[in-house]
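**Q** This is a predicted model, with the sequence first.
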Amino acid sequence: MQHDSHSQATAPADTRAAGIAIALATVLSTVFVALDESGGGKGQLEILQSIAQLQGLKAAVHGVAIASLCAYAFGYAALARRLSLRHATVLAGLAFYLMGCIALMGATIVDGFVIPHLAADAIVGSPTRLQVGYELVHAAGLALTDAAKIGWLLQAAGGLAWTGVLLGKAGVARVVGAMGSVANLAVAAAVQGASVNMTMTSILTVLLAQLIWNLAAAFWLVRAPKFQGDLETGTRMAGLIGA
């Protein structure tokens, strides 16, 4: 009984911490993504030089992105626990979302660290090394795009699993569920409709939709009591008994 009482006392604080983590990660990642730049130029050497010059910025931006993914994993694991991991749908949603975080982690490492390092190494080598380095950077760019698409789709699948549960609740939970359903469907549509190289419109659609869902989920985690579902059930039962 002491263990149960302790869990009920500490769980709301943990839930609030998870919501705050999601909100802070969303704000910080959005700011740093806006600061990110991509290389450019006319020839292979000029393109690789411009990428190599961005090593410091790329490391900072993608370092924040990695930290944000860790915060999202923590926050949404708490959301899944809040919804109850005894439900297969909720547990499946957590598996999808965490696998999406892993895929996006890989894309982030390639974009922020591997590609700039390949470029920096290639520009100080022979013409053959420059050519090989340029081709490797191109291939790595394709790989990170595919990894990002897979990550976004998996995260959207996890989000839709959870929003389906939220839609079955009342009040704020249902509103958050509706917002999350629209946002995650928008992510899936943007990714599925994109070409091999995603356009800026597709990327912005994904980022905006994820921002909406993240902030809505964070609000619910901060606001909602730990046992909202049990309270709703108890309220309905009390109403039936009273009737």
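**A** Done, it's in. Given the structure is predicted, the values throughout are model-derived calculations rather than measurements.

**Q** How much space separates Val206 from Leu69?
**A** In this view, Val206 and Leu69 are 15 Å apart by Cβ to Cβ, to the nearest Å. The way it works is simple: take the backbone N, C-alpha and C, and place the C-beta from them, glycine included.

**Q** So for the two, which sits in the more crowded spot?
**A** For Val206 versus Leu69, the count of surrounding residues by other Cβ atoms under 10 Å is larger for Val206: 24 against 20.

**Q** I figured Leu130 was touching Gln44, is that so?
**A** Yes: using Cβ atoms under 8 Å as the test, Leu130 is close enough to Gln44 to be in contact (6.1 Å).

**Q** any idea which helix is longest in the protein?
**A** Longest helix of the chain, by residue count under DSSP state H: helix 127-167.

**Q** other SSEs contacting that one?
**A** helix 44-52, helix 55-83, helix 88-109, helix 115-122, helix 172-192, helix 200-223 (3 or more Cβ pairs under 8 Å, 6 or more residues apart in numbering; DSSP states H and E).

**Q** Out of those helices, which is the most enclosed?
**A** helix 115-122 (a mean of 21; mean count of other Cβ atoms under 10 Å).

**Q** could you say what helices and strands that one packs with?
**A** Helix 115-122 packs on helix 44-52, helix 55-83, helix 127-167, going by 3+ Cβ pairs under 8 Å, 6+ apart.

**Q** So which of those is nearest Ala217?
**A** Of all those, it is helix 55-83 that lies closest to Ala217, at 5.9 Å by Cβ to Cβ.

**Q** Which other helices and strands does the closest one contact?
**A** Identification of packing neighbours for helix 55-83 by 3+ Cβ pairs under 8 Å, 6+ apart yields helix 2-35, helix 88-109, helix 115-122, helix 127-167, helix 200-223.

**Q** Which of those sits closest to Gln55?
**A** Nearest of these (Cβ to Cβ): helix 115-122, 4.3 Å.

**Q** That closest one relative to helix 44-52, how many degrees between them?
**A** Counting by axes from the mean of the first three to the mean of the last three Cα atoms, to 10 degrees, helix 115-122 lies at 130 degrees to helix 44-52.

**Q** on that earlier part again, turn the helices and strands packed on helix 55-83 into JSON lines, including mean pLDDT and distance to Ala60.
**A** Formatted as JSON lines, the helices and strands packed on helix 55-83 follow (pLDDT from 0 to 100; distance: least, Cβ to Cβ, whole Å):
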{"stretch": "helix 2-35", "mean pLDDT": "75", "distance to Ala60": "7"}
{"stretch": "helix 88-109", "mean pLDDT": "97", "distance to Ala60": "12"}
{"stretch": "helix 115-122", "mean pLDDT": "94", "distance to Ala60": "12"}
{"stretch": "helix 127-167", "mean pLDDT": "95", "distance to Ala60": "18"}
{"stretch": "helix 200-223", "mean pLDDT": "93", "distance to Ala60": "18"}
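
**Q** Since that was my last question, I'll sign off now.
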